[in-house]
Structure formats: structure tokens, C-alpha cells
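1. Coordinates only, no sequence provided:
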């Protein structure tokens, strides 16, 4: 029973340390989303070469996209006229950082590691993209405009809030909770610095161990922070923590397979090998600075107003996790009910680049908001969205909406052959 109490206390302490910086980072991300015009970004990265790679990395570093969420964005860059190297640069530099992740890293691990992560991610992006542009002889790009994405409604404040907490936080809440839980478990069962007694973990082998943990693991940039902090707490050197902070968010099985399929083998190997090499080199350099690990992962005691705000932020943090967990379970239950409706009443679309449950949720929510859509059942396994139409249904609106959130949709062949399967009035296929 004592372990349970210690575990809950450790999770609460981590929440107090993490939540204020995380919320600040999410709000900044919301501001970037509302005020940074994506069409202006895209048009600067069409010419292959170092310049496009630098621009793509500069743009990618502050954006809060996870390793699955960054893939549709990178492919969108490519579709909108960016060179293949620029797309790879964006892909390599973005998932490790993000303003929310930078703020969380600063809060739990200190500014040296936060700064090192930003610099290393930027360098990895520039190198990987430049290599692709120099070596890829089939690096053509199109300048055709992309499909218009749906216009967001509401005031500036509501759009910032909706993106920061309704989209970003909801995308990462589960993995964030897992990261905090792992950090708490390490705190409870391993004494501070205990693993430092094993010299084999203090050198390059320690970084290789962090690399082996991070590469196959799906973990977003924010949720990787408490896990990295737990590694440092347990006695791993800060360089190993940096390797995990880069390799974990930047690589996972879903992302790596999709990169190879859509951008080719050269882009795939440039992306993977550059992230690995730069993370290891940055880890070695960081270890050489001899940052005292004992000063890290201390949950700073705040008094007065700051202390009260930190407690409120932590309470909201855990409440939001519970709220979205319940909401998503109810949504899954609703999807199962709609899937039980006969196939004769639905129209099926294939949807490209769905690589994780978050993709399923974003597609489901985007289509459910459309006029003429009664309900939607999205399958990650088959890569399809089955739409039950109602009055006002438009197939083109479905396709445009999918394109607007980074996915290519196609009406299944049997639907085109059989024509409309709905009997409602006002349908246009």
C-alpha cells in the first residue's frame, strides 16, 4: 500500500513540475497555428538544396507535431511544391521538438538539454534534407495548389484554445499519461543514481541502450520528456537522455514504413541514419559538458502565487486526461454502433496515411462535422472510412475535407460502379 501512495505522490509531483510549462507551450502552439499562414511557408521550399532544407528545419522545430502527425504535414509540403529534401528536413526536425516539448524539457531537465535538443533537431533536419536533394536524381516537384482546407470558424481566442487543448493535448494525452506513469515508477522503485553504479551505462553503450529503447517505441516529444527525466534520475548520463528524446519521437515503425513508401528508400535512409548519428554525437558532446545529473528532475518548490498556479495546472492536467479518456471511450462505443449498420447504407472511401489511432480520430471528427454526413466509421486496419449519408451529402466535400487534414481520399471502386447507395434527397456523388 505504501508503494501505491508513493506512486500517486510521484505522479502528482511530476504533474506539478510539468503542467505549467506544458500548458504555456500548448498556448504558444495555438497562436502559431492561427497566425502563421501555411501557404506562405510552403512557397519558400520548392527549390532543392541547402536553402530549402534550412527553411524547412527552421519551420519544423517549433511546430508541435508528433511522429505520426508530422507525416501528413510533410507530405502536404511535398504536394504543395516543396522539394523532397525539404519534406525530409521537416520530417527529421519536427517531431523531437515543438514549443510544448521545449517548455516541458526545460521544466524537467533544464535549459542545457532543451537547447541541445533544439540545435540537434535542426542540424538533423538540414543534413538529411540536403543529402536527399543532392543525391536524389528524381527530385521533381509540383507547384499545383493543394485542395483548400476547411476554414476554421470562431474567434481568434476560441481557435487558439480549440487547437491547443482540443487537438494537440487530446492527441498526446494518453502517451503523456504513460510517460508520467513510467517516470513515477522509476522514482518509486529505483534510488536516485542507482544505475550509475554500472559504468557500462555511462558511456556510448548507455546511449546505444537509449537508442534501442527509443527507435521502435511510439512516443511523442512531450511524453518522452518525463521518461528521459526518469532515465537521468536512475543514473543514466544526460547524453543518453538526449538520445532518447530525439530517437523516440522521430522514429517508430509506422512512421518509418510510411516514409519509405511515400518518399523512397534514399529519403528513408537519410532520415533514419541522420537522426541516429546526430543524436549520438549530440549525446557525446552533452556528456562532455559534465552537467551534474543530481540537479535534474528536482521538482522545484514554488511558494505563493506560483505555487498555487502550479497546483491548479497539475489538477487541470490530470482532469483533462480523465475527461478525454472518457470522451474517447464514448466515441469508440458510438463508432461500433454505427459500424453495425448494414453496408448497403454506407459509402466507403479509402483514406491514405492513417498511421495511428489519432489519425482515425481526426478523420472521424472532421467528417462527422460535415453537412450530409449522418455518421462515420473509420478503420485503421483497412484504411477506410465508411460514411452513412444524409440530405446534402457531397462526395467532393468528403474528399476536400480529407485533403485539408493531410489525407488523400478516394471513393472505392465498387461505390463508383454501383453509384449512390443512399436514398436520401439532395445527394451529389
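-> Here it is on my side, so go on. Not measured: the values here are computed from a predicted model. Numbering: from 1, shown residues only.

2. how many neighbours does residue 86 have?
-> By other C-beta atoms under 10 Å, 36 other residues sit near residue 86. All C-beta atoms are positioned from the backbone trio N, CA, C, and that covers glycine.

3. Please give the element, helix or strand, for it.
-> Take DSSP states H and E as the rule and residue 86 turns out to sit in helix 84-93.

4. Give me the contact list for the helix or strand that that helix is followed by.
-> On the C-terminal side of helix 84-93, the closest following helix or strand by DSSP H and E is helix 99-109. For helix 99-109, contacts defined as C-beta atoms under 8 Å, 6 or more residues apart in numbering pick out 14, 17-18, 20-22, 24-26, 28-29, 32, 62, 64, 113-114, 117-118, 168, 220-222, 224-226, 228-229, 232, 238, 241, 245, 249, 296-297.

5. now for the helix holding residue 86, which elements pack on it?
-> Applying 3 or more C-beta pairs under 8 Å, 6 or more residues apart in numbering; DSSP states H and E, we find helix 84-93 packed against helix 50-60, helix 70-79, helix 111-135, helix 253-263, helix 265-288.

6. Repeat the analysis, applying 6 Å as the threshold.
-> Using 3 or more C-beta pairs under 6 Å, 6 or more residues apart in numbering; DSSP states H and E, the elements in contact with helix 84-93 are helix 50-60, helix 70-79, helix 111-135, helix 265-288.

7. in it, what's buried?
-> By neighbour count on 16 or more other C-beta atoms under 10 Å, the buried set for helix 84-93 is 84, 85, 86, 87, 88, 89, 90, 91, 92, 93.

8. what would those look like in a markdown table with distance to residue 371 and pLDDT?
-> Formatted as a markdown table, those follow (distance: C-beta to C-beta, whole Å; pLDDT from 0 to 100):
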| residue | distance to residue 371 | pLDDT |
| --- | --- | --- |
| 84 | 37 | 80 |
| 85 | 40 | 80 |
| 86 | 36 | 82 |
| 87 | 34 | 80 |
| 88 | 38 | 83 |
| 89 | 39 | 85 |
| 90 | 34 | 83 |
| 91 | 35 | 80 |
| 92 | 39 | 81 |
| 93 | 38 | 83 |
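
9. Excluding sequence neighbours, find me the nearest residue to residue 61.
-> Leaving aside its chain neighbours, residue 61 sits nearest to residue 97 (4.8 Å; criterion: C-beta to C-beta, 6 or more residues apart in numbering).

10. was I right about the one you found contacting residue 122?
-> No - taking contacts as C-beta atoms under 6 Å, residue 97 lies outside contact range of residue 122: 8.3 Å.

11. Going along the chain, name the helices of the stretch 201-350 of the chain.
-> Counting by DSSP state H, counting those that start in this stretch, the stretch 201-350 of the chain has these helices, from start to end: 204-214, 224-234, 238-250, 253-263, 265-288, 304-339.

12. ok, back up a step: ok, of the helices and strands packed on helix 84-93, where does mean pLDDT dip lowest?
-> The minimum mean pLDDT among the helices and strands packed on helix 84-93 belongs to helix 70-79 (a mean of 66).

13. mind showing which ranges of the stretch 301-429 of the chain have poor pLDDT?
-> Scanning the stretch 301-429 of the chain for pLDDT under 70 picks out the ranges 301-304, 331-332, 334-344, 355-358, 413-429.

14. Would you map the strands across it?
-> All strands of the stretch 301-429 of the chain, identified by DSSP state E, counting those that start in this stretch, fall at 347-351, 373-379, 384-389, 409-411.

15. any residues touching the third one, and which ones?
-> Under the contact criterion C-beta atoms under 6 Å, 6 or more residues apart in numbering, strand 384-389 has outside partners 345-351, 363, 372-378, 422, 427.

16. Separate out the buried members of those.
-> With burial judged by 16+ other C-beta under 10 Å, the buried subset of those is 346-351, 363, 372-378, 422, 427.

17. As TSV, the strands of the stretch 301-429 of the chain with distance to residue 287 would be great.
-> Below are the strands of the stretch 301-429 of the chain laid out as TSV (distance: least, C-beta to C-beta, whole Å):
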stretch	distance to residue 287
strand 347-351	44
strand 373-379	45
strand 384-389	48
strand 409-411	48
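
18. of those strands, which approaches residue 178 most closely?
-> Evaluated over the strands of the stretch 301-429 of the chain, closeness to residue 178 peaks at strand 373-379, with 23.3 Å, by C-beta to C-beta.

19. How is the protein divided into domains?
-> Annotated domains of the chain cover 2-315, 341-418 [automatic domain parsing].

20. The first one: how far from the chain's middle?
-> From the chain centre to the centre of domain 2-315 is a distance of 8 Å (C-alpha atoms, centre = their mean, to the nearest Å).

21. same question, stretch 395-413
-> 22 Å.

22. in that stretch, what counts as buried?
-> 395, 397-409, 411.

23. Please apply the same query to stretch 159-178.
-> Under 16+ other C-beta under 10 Å, the buried positions of stretch 159-178 are 159-160, 162-165, 167-177.

24. what about it, start to end distance?
-> Its first and final residues considered, stretch 159-178 spans 28 Å by C-alpha to C-alpha, to the nearest Å.

25. got the contact list for that stretch?
-> With C-beta under 6 Å, 6+ apart as the criterion, stretch 159-178 contacts 26-27, 29-31, 33-34, 64, 152, 219-220, 222-223, 321, 324, 358.

26. now the closest residue to residue 27 other than its chain neighbours: how far from residue 227?
-> Spatially, and ignoring its direct neighbours in sequence, residue 27 is nearest to residue 164 (5.4 Å; C-beta to C-beta, 6+ apart). Distance, residue 164 to residue 227, using C-beta to C-beta, to the nearest Å: 23 Å.

27. With residue 4 instead?
-> In this view, residue 4 and residue 227 are 21 Å apart by C-beta to C-beta.

28. which of the two has more neighbours?
-> For residue 4 versus residue 227, neighbours defined as other C-beta under 10 Å are more numerous around residue 227 (25 against 9).
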